[in-house]
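Enquirer: sequence below, structure please.
(chains A and B)
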Amino acid sequence: MSAIELTEDTGRSRPSLTLWVGVVLVGLHVFIALLTVVWTPYDPLGMTGGRLEAPSWAHWAGTDRLGRDFFTQIMLGSQIALVVGAGAVAIGGAIGVSLGILAAFASRWLDDALAATLDILIAFPTLLIAMLVVAASDEASLFTAILAIGLALSAIVARLTRILAKRVLLLDYITAARTSGTSWPGIVVTHVLPNIWPTLAVNFALQFGLAAIAEASLSYLGLGAPPPNASWGHLLQEAQGTVYTAPIGAFAPGLALVILVVGINLLADGLRDFADPTRSARR
Amino acid sequence: MPNEGLPILAYTLRRLVILLLSLLIAAMVLFVLLRLLPGDPANALLGVGATPEQIAAARAQLGSDQPLASQFLHYLDTLVRFDLGTSFVSRASVLGEIGNRMAVTIPLTLLGFLLALVIAIPLGVVAAVKSQTWYGWLISVVSQLGIAIPVFWLGILLVTVFAINLRLLPSGGFPLRGWDNPGEAAVGMVLPVLTVALVIAASLLRYVRAATLDVIDSDYIRTARALGSGFTEALVKHGIRNGSVPIISVLGIELASTFLGAVVVERVFTLPGLGSMLLLAIQQRDYPNLQGVLIVSTLLVLLIGFAADLLQRLVDPRLRERARGAA
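Expert: Residues are numbered from 1 along each chain as shown, chains lettered A, B, ... in the order given. Below is the predicted model:
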């Protein structure tokens, strides 16, 4: 039995399901995040029950140590995760794509310098760079978390953009465009960006998941958005102290985060097959 | 090209130059970032209620009243001499404190990484070779889940199961006298090491699986099989060396993430390692400690990358050729 045929088989049959499951999982979070803007089951800051109650019909995930409804907090966590994810990817994407394009078009010397700097930055895990940026800001807030994670992601995006753009620049029709006198901003807009956009979009989706994890980690370490922002990382950090009496608190917010990240990763995998149908879905 | 005869030596030298340049750039970035930190180090040193004269004196002592360029030169000079100063808070030598905390972080990182390799390599190969069976599929699904799980949450879950429900292991902490009591210290390390290892293994496994799939699909395996080798024989004889090249290149990055994973896991298990030192330094605005931890971590990360690149060149002679062609 040859393994080659079989990987091709799975490559053909899996993508639609992958994409579909991803859309449902991410859609669930988007729905909850939008819903919490107008409605939550309980007042997120109000005492709505006893302290550290076990899950019940009234409180699906029990109550926290201040008697607040925990399910409401987890729902609000969707908002923070999505806002930080989107904000960080927007910042990282804007800086990263600009730098990457600049490096691809720059003189050899500038390109080498940028490439070397990016290589160093990439060697550092996203979270460490984000911690540095938070440390360098006045106090931790939702915005510093977004900025920190966005800056950390920008190195990854920049390196990818540079590689993709350089590959496009080698193609014959770019030479044709150059000889016919198209300016380099013109080449970027008409030829480079449309060519690299699909791959970048898939990468942005993956970065979104990374950003959500990084946000939770920062909040867990006490470097994220301060309370009353109900970040999942912060909820987990508080719940760790009460894990003996209310184990659900140490479980539910993490599950919400994992559902979001798995959904995003599946969505990215599904999108990749749209972006590049020749690539098998095995990675 | 002058390096025709000794490509690996020439490569090592060039990579060494890049390493030193990287260190310089990293030192500059850290210098700028730390000078950007709001608040005056002199204030952080003296605390609230210091008189302007005391602050001026502290600035003179710290050198923060000097122009930035001379501050930078002084800073480079101290780095070269490995003089990281003394903590604002505890007045202890930063390098000494880092050394003490390495006794926790380095074993945690290395044991976690080794365990991750032991888990990821066999499972990744199985997941690729048996990709059409249910257990090959299961391994892939579990690793997909694994990369979505933040390391600190896995730590909390393991504590809930092994420390609270089963009462097998401590939920955190480390003996005050460190490794003087090796038994107690080792018991305290079990859950943290497991936490780091599982998270890194999930991400490593995907690389191993992808590399193995590439090997299985490759022409040389088909040729070897056509020449009469069994599948396993062909895989072992030709696959390991070829398949390990892309793996080695990610090992460097994975080892660096293990190190950072260790930093976060230390918080979950309240271990007195570099990670807790870093967090404490951020909270207390303890600039010398902050700078020291960052510089030592940077050095470690860059050295890991250097070692990974060299190892990759040693394993794959084709890369040496390509590097020469590109230069």
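
Enquirer: switch to C-alpha atoms for all contacts and neighbour counts from now on
Expert: Fine.

Enquirer: where does pLDDT dip in the stretch 151-283 of chain A?
Expert: For the stretch 151-283 of chain A, the stretches flagged by pLDDT under 70 are A:275-283.

Enquirer: chain B contacts on that one?
Expert: Selection of the stretch 151-283 of chain A residues close to chain B by CA under 8 Å from any CA of the partner chain yields A:209, A:213, A:216-217, A:220-221, A:236, A:240, A:243-244, A:247, A:250-251, A:254, A:257-258, A:261-262, A:282-283.

Enquirer: helices - which of these land there?
Expert: Mapping these onto helices (DSSP state H) picks out A:209, A:213, A:216-217, A:220, A:236, A:240, A:254, A:257-258, A:261-262.

Enquirer: most neighbours out of those, which is it?
Expert: A:A216 (32 neighbours; other CA atoms under 10 Å in any protein chain shown).

Enquirer: quick one, what contacts it?
Expert: For A:A216, the contacting residues are A:81, A:224, A:231-234, B:150, by CA atoms under 8 Å, 6 or more residues apart in numbering or on different chains.

Enquirer: now those residues as JSON lines including distance to B:A92, secondary structure and neighbour count?
Expert: Below are the contacts of A:A216 laid out as JSON lines (distance: CA to CA, whole Å; DSSP: H, G, I helix; E, B strand; the rest coil; neighbours: other CA atoms under 10 Å in any protein chain shown):
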{"residue": "A:A81", "distance to B:A92": "40", "secondary structure": "helix", "neighbour count": "27"}
{"residue": "A:G224", "distance to B:A92": "29", "secondary structure": "coil", "neighbour count": "29"}
{"residue": "A:S231", "distance to B:A92": "36", "secondary structure": "coil", "neighbour count": "30"}
{"residue": "A:W232", "distance to B:A92": "36", "secondary structure": "helix", "neighbour count": "31"}
{"residue": "A:G233", "distance to B:A92": "33", "secondary structure": "helix", "neighbour count": "30"}
{"residue": "A:H234", "distance to B:A92": "32", "secondary structure": "helix", "neighbour count": "27"}
{"residue": "B:P150", "distance to B:A92": "34", "secondary structure": "coil", "neighbour count": "23"}
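
Enquirer: between the ones in helices among the residues of the stretch 151-283 of chain A next to chain B, which sits nearest A:V38?
Expert: A:L257 (21.7 Å; CA to CA).

Enquirer: can you mark which positions in the helix or strand harbouring B:V125 are buried?
Expert: Under the criterion of DSSP states H and E, B:V125 resides in helix B:94-129. If you call a residue buried by 16 or more other CA atoms under 10 Å in any protein chain shown, then helix B:94-129 has these buried ones: B:94-95, B:97-98, B:101-102, B:104-105, B:108-113, B:115-117, B:119-121, B:123-129.

Enquirer: of those residues, list those near chain A.
Expert: B:V129.

Enquirer: may I ask which helix or strand encompasses the residue minimising distance to the centre of chain B?
Expert: The centroid of chain B falls nearest to B:A256 when counting by CA atoms, centre = their mean (2.1 Å). Per DSSP H and E: B:A256 is located in helix B:240-268.

Enquirer: close to chain A, is that helix?
Expert: Yes. Counting by CA under 8 Å from any CA, chain A is contacted by helix B:240-268 at B:253, B:256-257, B:260, B:264, B:267.

Enquirer: ok, which pair from these is furthest apart?
Expert: Most distant of the residues of helix B:240-268 next to chain A, by CA to CA, are B:I253 and B:R267, 21.9 Å apart.

Enquirer: how many neighbours does A:Q79 have?
Expert: 23.

Enquirer: the nearest residue to it once chain neighbours are set aside in helix, strand or coil?
Expert: Nearest residue to A:Q79, sequence neighbours excluded (CA to CA, 6 or more residues apart in numbering or on different chains): A:A33, at 4.5 Å. Following DSSP: H, G, I helix; E, B strand; the rest coil, we place A:A33 in the helix state.

Enquirer: with A:V83 as the reference, measure out to A:A33.
Expert: 9 Å (CA to CA, to the nearest Å).

Enquirer: between those two, who's got more neighbours?
Expert: Per other CA under 10 Å, whichever of A:A33 and A:V83 has more neighbours is A:A33, with 21 against 17.

Enquirer: test my guess that that one contacts A:M75.
Expert: Yes. Taking CA atoms under 8 Å as the definition, A:A33 is a contact partner of A:M75 at 6.8 Å.

Enquirer: so the helix holding B:A256 versus helix B:94-129, what angle?
Expert: Computed with axes from the mean of the first three to the mean of the last three CA atoms, to 10 degrees, the direction of helix B:240-268 lies at 130 degrees from that of helix B:94-129.

Enquirer: list the helices and strands helix B:240-268 packs on?
Expert: For helix B:240-268, the packing partners by 3 or more CA pairs under 8 Å, 6 or more residues apart in numbering or on different chains; DSSP states H and E come out as helix B:94-129, helix B:151-158, helix B:182-217, helix B:274-284, helix B:287-315.

Enquirer: could you dump those helices into CSV and include distance to A:L114?
Expert: Below are these laid out as CSV (distance: least, CA to CA, whole Å):
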stretch, distance to A:L114
helix B:94-129, 30
helix B:151-158, 31
helix B:182-217, 27
helix B:274-284, 28
helix B:287-315, 17
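
Enquirer: most packed of those?
Expert: A comparison of these by mean neighbour count, using mean count of other CA atoms under 10 Å in any protein chain shown, puts helix B:151-158 on top with a mean of 24.

Enquirer: near chain A at all, that one?
Expert: Yes. Using CA under 8 Å from any CA, helix B:151-158 reaches chain A at B:152-153, B:156-157.

Enquirer: looking at these, spot the one nearest B:P272.
Expert: The closest of the residues of helix B:151-158 next to chain A, once distances to B:P272 are taken by CA to CA, is B:F152, at 16.1 Å.

Enquirer: the closest one and B:E266 touch, don't they?
Expert: No. If you go by CA under 8 Å, B:F152 and B:E266 don't touch, sitting 9.2 Å apart.

Enquirer: please name the residues that touch B:A281.
Expert: Here B:A281 is in contact with B:287, B:289-290 (criterion: CA under 8 Å, 6+ apart).

Enquirer: near chain A, which residues of the stretch 1-150 of chain B? Just list them.
Expert: Proximity of the stretch 1-150 of chain B to chain A, by CA under 8 Å from any CA, involves residues B:22, B:25-26, B:33-34, B:36-38, B:129, B:131-132, B:144-145, B:148-150.

Enquirer: report the buried members of the residues you listed.
Expert: Applying 16+ other CA under 10 Å to these flags B:22, B:26, B:33-34, B:37, B:129, B:131, B:144-145, B:148-150 as buried.

Enquirer: which members of the residues you listed are positioned in helices?
Expert: B:22, B:26, B:33-34, B:129, B:144-145, B:148.

Enquirer: what helices and strands are in contact with the helix or strand harbouring B:S140?
Expert: Using DSSP H and E, the element containing B:S140 is helix B:134-148. When contacts are defined as 3+ CA pairs under 8 Å, 6+ apart, helix B:134-148 packs onto helix A:252-275, helix B:94-129, helix B:182-217.
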